[in-house]
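1. Just the structure for this:
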Amino acid sequence: PPGTGKTLLARAIAGEAGVKFFSISGSDFVEMFVGVGASRVRDMFVQAKENAPCIIFIDEIDAVGRQRGGAGMGAGNEEREQTLNQLLVEMDGFEGNEGVIVIAATNRSDVLDKALLRPGRFDRQVNVGLPDVRGREQILNVHIKKVPVAADVELKYIARGTPGFSGAELANVVNEAALFAARANKLEVSMGDLEKAKDKILMGAEKHTMVMSEDDKRMTAYHEAGHCIVGQMSPDHDPVYKVSIMPRGRALGITMFLPERDQYSASKRKLESQIAGLLGGRIAELMIYGGDRVTTGASNDIERATEMARNMVKRWGFSEKLGPMVYGEESGQAFMGYPGSQGSSVSSGVAHTIDEEVRAVIDRCYARAETILKDNIDILHKMSEALMKWETIDRLQIEDLMARKEPKPPQDNSGGFTGSSSTDSGLKQDNIKTQTPPISNTPAGQI
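-> Residues are numbered from 1 along each chain as shown. Got it, this is the predicted structure:
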């Protein structure tokens, strides 16, 4: 993924190796004039051989190293292919290049030409993925040295509350926190500043200028409370970290969940709990206001719930009727000779069965969420009242409400991190899609 430090790692290699280092971007080879790219590749390797031992680093190599296509792809593609062919020859051709090490970085290793990845060329691949909790804390410790911090700052809590953040995004958290402190005329960055910065990046900037009527705010409060209650009472669901009816970006409200540990897979029960949680907002609106006043606020929730249910049936083998098979898996996009989509690979009968199974998953989760909210209608009313009063409630207040206790006033942007702590997560945001599926096939960035 971008921002994980691939280029930074190359700089570190240059510093540690103690040899000359040549750096170039893949896009620097591409020109409108025929033969310029190949000529630049030759010149680069001539200089490298004269200065051997040395290291050549090519950043964003996918700009020049994409899969080659067939005839009729256009002159621009022919120029790019000539550049790629010259690079292949220089790396492992007839003439040797002893003492020259070639390193490259890309976010799209899946589109690189196979000849570029064969043994003798880029045969050693290093995945530079997103950091885990410990890695995030170490990265934050590096960036926090650039700003004065208050005594209450505990970076382990920020690390646990920044799921899926890259190194660049963690640096941005520290920068945003420093801006919050500067706007408040403070000399040090406090824990509250870091929490506000984290929330801004996770959920978007607050829109204080957006005026909502009391009726709209109350409906949003019931909607978000529905998400929260169903999520809290569903097995294996991630704990709720914060609920807010403060408009952010294009969203009128947000419910944010944070898992208790790093997660690398998801069970059927967890997925169904997430679907039930997504449907909780619409069900709460329906219960309180009736079918005639249900809004479009759940459109993104319904889209994501349907996508998750369809993946359970088609990709993850959670349908007993269809079994552990993949149905209608799409191929990669058609680009520069890379294989394109081949259309649906299932019959009309199987497609009908898939739709029935997806509907069964949605109906089952809907019934579960509806039962939870009907059994806890008093908590739904209390939570919506708390949201109307404070606009944002944190984990400690949510725990009080779920225990049918009177909630304490919200803490000063601490997110409830006072003793026990939450870790990695997904993000639930109405009307705007920001959460990736629990299981992703997206390739990690490589260097």
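
2. The stretch 301-447 of the chain: strands as residue ranges?
-> For the stretch 301-447 of the chain, strands defined by DSSP state E, counting those that start in this stretch occupy the ranges 392-394, 426-429, 445-446.

3. comparing those strands, which gets the lowest mean pLDDT score?
-> Mean pLDDT is lowest for strand 426-429 among the strands of the stretch 301-447 of the chain, at a mean of 38.

4. secondary structure element for residue 218?
-> Counting by DSSP states H and E, the element that carries residue 218 is helix 214-233.

5. for that helix, which positions count as buried?
-> Within helix 214-233, the residues that qualify as buried by neighbour count (16 or more other Cβ atoms under 10 Å) are 217-233. Any C-beta I mention is one placed from the backbone N, CA and C, and that applies to glycine too.

6. do stretch 99-117 as well
-> For stretch 99-117, by 16+ other Cβ under 10 Å, it's 100-109, 111-113, 115-116.

7. ok, and for stretch 187-206, which residues are buried?
-> 189-204, 206.

8. and if you look at stretch 239-258?
-> By neighbour count on 16+ other Cβ under 10 Å, the buried set for stretch 239-258 is 239-248, 251-258.

9. List the contacts of residue 382.
-> Taking Cβ atoms under 8 Å, 6 or more residues apart in numbering, we find residue 382 in contact with 401, 404, 407.

10. among those, which ones are buried?
-> Neighbour-count burial (16+ other Cβ under 10 Å) applied to those gives 401, 407.

11. Give me the distance from stretch 9-26 to the chain's centre.
-> Distance of stretch 9-26 from the chain centroid (Cα atoms, centre = their mean, to the nearest Å) equals 29 Å.

12. So what does residue 166 have for phi and psi?
-> With angles defined as degrees, to the nearest 10, residue 166 sits at phi -90, psi 170.

13. Could you report the distance from the residue nearest to it when sequence neighbours are not counted to residue 65?
-> Distances taken as Cβ to Cβ, 6 or more residues apart in numbering place residue 3 nearest to residue 166, at 3.5 Å, with adjacent residues excluded. Relative to residue 65, residue 3 is positioned 21 Å away (Cβ to Cβ, to the nearest Å).

14. and these two? which has more neighbours close in?
-> Taking neighbours as other Cβ atoms under 10 Å, residue 3 and residue 65 compare with residue 65 leading, 27 against 18.

15. quick one: secondary structure of residue 57?
-> strand (DSSP: H, G, I helix; E, B strand; the rest coil).

16. and if you look at the one 5 residues further on?
-> Per three-state DSSP, the local secondary structure of residue 62 is helix.

17. All the helices of the stretch 151-300 of the chain, residue numbers only.
-> Counting by DSSP state H, counting those that start in this stretch, the stretch 151-300 of the chain has helices at residues 155-160, 167-183, 191-203, 214-233, 268-289, 299-314.

18. Export those helices as a markdown table, with columns for mean pLDDT and distance to residue 139.
-> What follows is the helices of the stretch 151-300 of the chain, written out as a markdown table (pLDDT from 0 to 100; distance: least, Cβ to Cβ, whole Å):
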| stretch | mean pLDDT | distance to residue 139 |
| --- | --- | --- |
| helix 155-160 | 84 | 8 |
| helix 167-183 | 89 | 5 |
| helix 191-203 | 83 | 14 |
| helix 214-233 | 86 | 29 |
| helix 268-289 | 88 | 28 |
| helix 299-314 | 89 | 29 |
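
19. So which of the ones you listed is nearest residue 79?
-> Nearest to residue 79 among the helices of the stretch 151-300 of the chain is helix 167-183 (32.1 Å), distances taken as Cβ to Cβ.

20. Which parts of stretch 148-157 count as buried, going by neighbours?
-> Residues 149, 153, 155, 156, 157 are the ones in stretch 148-157 that count as buried (16+ other Cβ under 10 Å).

21. Now for this structure, the helix or strand with the poorest mean pLDDT.
-> strand 426-429 (a mean of 38; mean pLDDT, DSSP states H and E).

22. how many degrees apart are the longest helix seen in the chain and helix 214-233 in direction?
-> Assignment by DSSP state H gives helix 348-375 as the longest helix of the chain. Taking axes from the mean of the first three to the mean of the last three Cα atoms, to 10 degrees, one finds helix 348-375 and helix 214-233 inclined to each other by 100 degrees.

23. now helix 348-375: mean pLDDT?
-> Mean predicted confidence for helix 348-375 is 88.

24. Show me what that helix is packed against.
-> Where contact means 3 or more Cβ pairs under 8 Å, 6 or more residues apart in numbering; DSSP states H and E, helix 348-375 is packed against helix 214-233, helix 268-289, helix 299-314.

25. quick one: that helix to helix 299-314, angle?
-> Using the same axes, to 10 degrees: helix 348-375 against helix 299-314 is 130 degrees.

26. so what's residue 53 closest to, chain neighbours aside?
-> Once flanking residues are discounted, residue 53 sits nearest to residue 99: 4.1 Å by Cβ to Cβ, 6+ apart.

27. Do I have it right that that neighbour meets residue 52?
-> Yes - at 3.2 Å, residue 99 counts as touching residue 52 under the criterion of Cβ atoms under 8 Å.

28. sorry, back to before: what's the closest of the helices of the stretch 151-300 of the chain to residue 7?
-> Set against residue 7 and scored by Cβ to Cβ, these come closest in helix 167-183, at 10.5 Å.

29. Please report phi then psi for residue 23.
-> phi -120, psi 140.

30. Residue 48 is in contact with that one, correct?
-> No - with contact defined as Cβ under 8 Å, residue 23 does not reach residue 48; the gap is 11.6 Å.

31. what's the closest of the helices of the stretch 151-300 of the chain to residue 378?
-> Across these, residue 378 has its closest neighbour in helix 214-233 (10.5 Å, Cβ to Cβ).

32. Now do the closest one against helix 268-289: the angle between them, please.
-> Using the same axes, to 10 degrees: helix 214-233 against helix 268-289 is 150 degrees.

33. chain center to helix 214-233: distance?
-> Centroid separation between helix 214-233 and its chain, computed with Cα atoms, centre = their mean, is 25 Å.

34. i'd like the first residue to be 8 from this point on
-> Done: numbering now begins at 8, and the last item shifts to helix 221-240.

35. low-scoring stretches of the stretch 8-157 of the chain, by residue?
-> The model of the stretch 8-157 of the chain has pLDDT under 70 over residues 38-42, 76-84, 100-103.

36. Can you show me the helices along it?
-> For the stretch 8-157 of the chain, applying DSSP H, counting those that start in this stretch gives helices covering 13-24, 43-57, 82-99, 140-151.
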